[in-house]
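Participant: need coordinates for the below:
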Amino acid sequence: MTDPAAAGARTAPHQILVLLDVAQVRDDEVIPLLPDRRQARCLLRLSTESRRKPDAPGGMKGPYDWEVLGRAIESLASLAEAARSQIEEAGGTAVLYVAGRAPLPLFVQLGYALNKFSGEAWVLNPHRGGPWVAYRLEATPRNGKESFFDEVNGLGSKELGSKIQASGVVSVYVSTIGAPAPEQAFFEAVAKVGHSVAGIVEIRTSAAGDVLPETVGRLVDELARELPRIKDTYPRSEGLALFVAGPVPLAFAVGRALNFHAQRDIWVMNYDRGGADAEPGYEVAVSLPFRAKAPALSDAEEDRRARGDVLDAMIEGVEELRQTLKKEDFPSGSVASLPRRYLAFLKDLRFRRTPEGDAFALRFAQREISIGRGLLEAVRGADHVTRCRFAQLIVLHELYHDDQDLRTSNYAEIGRAGVVLEEVDFWADAFALDTLIAWDLRQGGPRAQARASEVAISWLDTAVFGIEAFDRFEHGARIDRLYERRLRRYLIWHLQHQRATTVRGRDDVRDLFRDRLFVELAPLDGTLDARGDKLVNRALPARTEIFAVLRGHLVRRGSRPGFEPSALVDAVRMFDREKIRTAMQVLVDEHRSVLVPWLEG
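Facilitator: You can find the predicted model right below:
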């Protein structure tokens with residue numbers, strides 16, 4: 001017989017508790033505020049991710065390493081989102097709880113990062129430094145009650161007009177302390193990020209406001225209505241400088257309200273009280289979407305030796321190519337002179353043994369290649385074979401770029417032309433892979449021909465590894481700043497990988513790379529960065545579909561039981577190859593006549 005209490009515990013929502021413990025937070029301060037303790041619980045701590053020992057509760061004064069804390073916040077958000085996904089895939093529901101003692105910008109960043117967290121969200125916070133209180137962040141319209149924020153200034157009005165055409169950064173002041181914006185301090189703060197002030201927006205209380213469990217819903221509702229008006233009022237703005245003054249629930253609610261409405265970059269400011277060596281004033285704590293700097297490279301002997309080992313393997317790979325690549329390995333449709341020119345280039349190619357900077361450079365006229373520390377570090381975690389193959393891929397890829405007239409002299413900022421860059425990169429990737437798979441099959445003889453799909457898959461694995469390596473080096477375990485064009489590149493080559501599982505010989509390999517493949521997800525919620533490049537915020541469950549086009553034929557698949565295209569965005573962010581390839585296998589199985597025509601012939 002089933003125990004009703006046990007059954008209720010199993011069906012109760014899972015609790016995901018995120019603690020920002022820059023200063024110490026004891027379990028017994030927050031756990032008693034949570035519902036039934038029999039419910040499953042996931043506890044995530046900022047100190048675990050940042051590896052920073054919490055300060056004493058009253059000793060949180062800074063200075064702070066915002067880069068370390070910002071990375072840790074992004075990691076917490078990723079872990080919370082992954083936990084939610086696992087719970088929901090298992091048929092359960094999740095409730096988010098946020099608590100802690102930390103600077104307000106970190107709560108803004110966490111709210112921003114967890115905006116897409118569906119379901120209930122609560123903030124646990126000491127009320128005015130006293131007992132801890134639970135605040136449910138659910139918007140509740142005022143229904144005739146007076147506004148929570150009774151001072152809203154700087155947005156569209158009859159006096160100002162519906163739109164303000166000034167460029168620069170909009171200073172946004174969200175406050176419950178009852179004081180007007182310190183405008184001069186805002187001008188000085190915005191100047192620190194190299195911009196002028198386009199205008200000042202105030203969303204505040206005229207007197208000291210008390211955020212209570214019964215009033216927080218109106219606060220959330222008004223933020224959701226007022227913050228989107230900034231983009232409409234200042235269409236030419238270059239970003240937002242955000243100043244938050246009030247309790248933790250306010251900061252977290254601001255972050256959640258901002259995520260889908262800020263068209264440009266957001267600088268979240270923190271007030272530094274100064275000290276013996278510094279004047280008081282505002283500093284940039286974090287930028288949203290969060291931009292993690294590539295980790296500083298260590299010059300310790302062990303690390304230099306490890307990067308040297310990577311360079312040796314890459315040189316070995318190119319040397320193997322130099323000695324064994326032949327004219328018949330190149331695609332049959334290549335310009336007649338291309339194989340001869342490339343083989344001559346490889347014959348004379350020299351490596352610059354001392355890596356300079358972080359970049360990769362191929363100098364065609366000088367027959368010289370240099371590989372920077374950043375690239376070596378990105379590839380450092382790969383095995384020896386992958387390092388060799390990666391070097392072979394990148395050399396042929398860059399050689400083809402030279403024939404495409406894409407060179408160091410005109411490469412700067414080409415990412416702004418996302419469609420153009422995607423086009424030239426596809427053909428450079430296709431050329432390099434087509435050539436190297438044919439080369440591998442020829443060297444392997446008849447036995448290799450019999451396992452053509454295995455050879456092709458191994459090279460597609462290397463290609464995906466190469467794309468991932470740079471993102472892992474720059475972003476860590478999750479790509480939070482995911483450009484739509486970058487997303488498409490992942491989708492294209494994961495679909496190519498699944499197509500490669502069906503090839504039966506060299507002719508099929510040629511067909512695999514003969515035609516341009518387009519793959520994308522749409523619709524996607526996104527924002528434009530300062531360059532006008534689209535960043536993906538989230539997919540839209542049940543609405544986002546996957547589309548592909550090959551040789552003019554359309555492939556389209558929407559959401560259905562067991563297949564959810566919207567999940568691919570987070571799978572790309574988290575480098576979840578298996579989830580992406582499972583989805584691509586569905587497309588190949590259902591659209592064989594378009595995607596793998598060699599099986600139909």
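Participant: outline the domain layout of this protein.
Facilitator: Following automatic domain parsing, one finds the domains of the chain at 4-135, 142-288, 295-412, 441-601.
Participant: identify the residues contacting the residue most central in space within the chain.
Facilitator: In the chain, the centroid-proximal residue (Cα atoms, centre = their mean) is D480; its distance is 2.1 Å. Each residue near D480 by Cβ atoms under 8 Å, 6 or more residues apart in numbering is listed here: E74, S78, A113, P289, F290, A292, R573. Bear in mind the C-beta positions are built from the backbone N, C-alpha and C, glycine included.
Participant: and the next helix or strand past the helix or strand bottoming out on mean pLDDT in the chain?
Facilitator: Every helix and strand of the chain was ranked by mean pLDDT, DSSP states H and E. The lowest is helix 4-11, at a mean of 42. Remark: after helix 4-11, the chain's next helix or strand is strand 14-21, criterion DSSP states H and E.
Participant: partner strands of that next one, with direction?
Facilitator: Neighbouring strands of strand 14-21 in its sheet, by DSSP bridges, are strand 41-45 (parallel), strand 94-101 (parallel).
Participant: run a quick neighbour tally on D210.
Facilitator: Counted by other Cβ atoms under 10 Å, the residues lying close to D210 total 11.
Participant: ok, it to P249 distance?
Facilitator: In this structure, D210 lies at 11 Å from P249, with Cβ to Cβ, to the nearest Å as the measure.
Participant: now V379
Facilitator: 45 Å.
Participant: again with R538
Facilitator: Distance of R538 to P249, computed by Cβ to Cβ: 23 Å.
Participant: pick out whichever of the two has more residues nearby.
Facilitator: Under the neighbour definition other Cβ under 10 Å, R538 and P249 were set side by side, and P249 has more, 28 against 16.
Participant: what's the closest non-adjacent residue to L17?
Facilitator: Y97 (4.5 Å; Cβ to Cβ, 6 or more residues apart in numbering).
Participant: host element of S287?
Facilitator: Secondary-structure element containing S287, defined by DSSP H and E: strand 281-288.
Participant: just checking, what packs against that strand?
Facilitator: Secondary structure elements in contact with strand 281-288, counted by 3 or more Cβ pairs under 8 Å, 6 or more residues apart in numbering; DSSP states H and E, are helix 66-89, helix 104-113, helix 183-192, strand 265-272.
Participant: which residues touch that strand?
Facilitator: For strand 281-288, contacts defined as Cβ under 8 Å, 6+ apart pick out 64, 66, 70, 73, 103, 105-106, 108-109, 112, 185-186, 188-189, 192-193, 243, 258, 262, 265-272, 274.
Participant: so which other helices or strands are in contact with the helix or strand that it is followed by?
Facilitator: Under the assignment DSSP H and E, the closest C-terminal helix or strand after strand 281-288 is helix 301-324. Applying 3+ Cβ pairs under 8 Å, 6+ apart, we find helix 301-324 packed against helix 338-348, strand 350-352, strand 368-371, helix 373-379, helix 384-403, helix 418-450.
Participant: quick check: V519 is in a helix.
Facilitator: No - checked against DSSP: H, G, I helix; E, B strand; the rest coil, V519 lies outside a helix; its state is strand.
Participant: so who does it touch?
Facilitator: The contact partners of V519, by Cβ under 8 Å, 6+ apart, come to R488, L491, I492, L495, I546, F547, A548.
Participant: show me what it bridges to in the sheet.
Facilitator: Taking DSSP bridges as the rule, V519 bridges to A548.
Participant: pLDDT wise, what is it at?
Facilitator: Model confidence at V519, expressed as pLDDT, equals 97.
Participant: please tell me how far it sits from L587.
Facilitator: On the measure of Cβ to Cβ, V519 and L587 end up 9 Å apart.
Participant: and for P35?
Facilitator: Remark: distance between P35 and L587 (Cβ to Cβ) = 42 Å.
Participant: these two - which one has more neighbours?
Facilitator: When P35 is set against L587 and neighbours are counted by other Cβ under 10 Å, the residue ahead is L587, at 22 against 12.
Participant: that one touches V594, doesn't it?
Facilitator: No - no contact is recorded between L587 and V594 when judged using Cβ atoms under 8 Å, the distance being 9.3 Å.
Participant: give me the common contacts of the two.
Facilitator: With Cβ under 8 Å, 6+ apart as the test, L587 and V594 both reach V555.
Participant: dump the residue contacts of the residue nearest to R516 when sequence neighbours are not counted.
Facilitator: Among residues not flanking R516 along the chain, F426 sits closest, at 6.2 Å (Cβ to Cβ, 6+ apart). In this structure, F426 makes contact with I492, R516, L517, judged by Cβ under 8 Å, 6+ apart.
Participant: before we move on, what about K327?
Facilitator: Contacts for K327 were tallied using Cβ under 8 Å, 6+ apart; they are P339, R340, L343.
Participant: which one of the residues you listed sits closest to D525?
Facilitator: For the contacts of K327, the residue nearest D525 by Cβ to Cβ is P339; the value is 46.1 Å.
Participant: from T435, how far off is that closest one?
Facilitator: In this structure, P339 and T435 are 9 Å apart, going by Cβ to Cβ.
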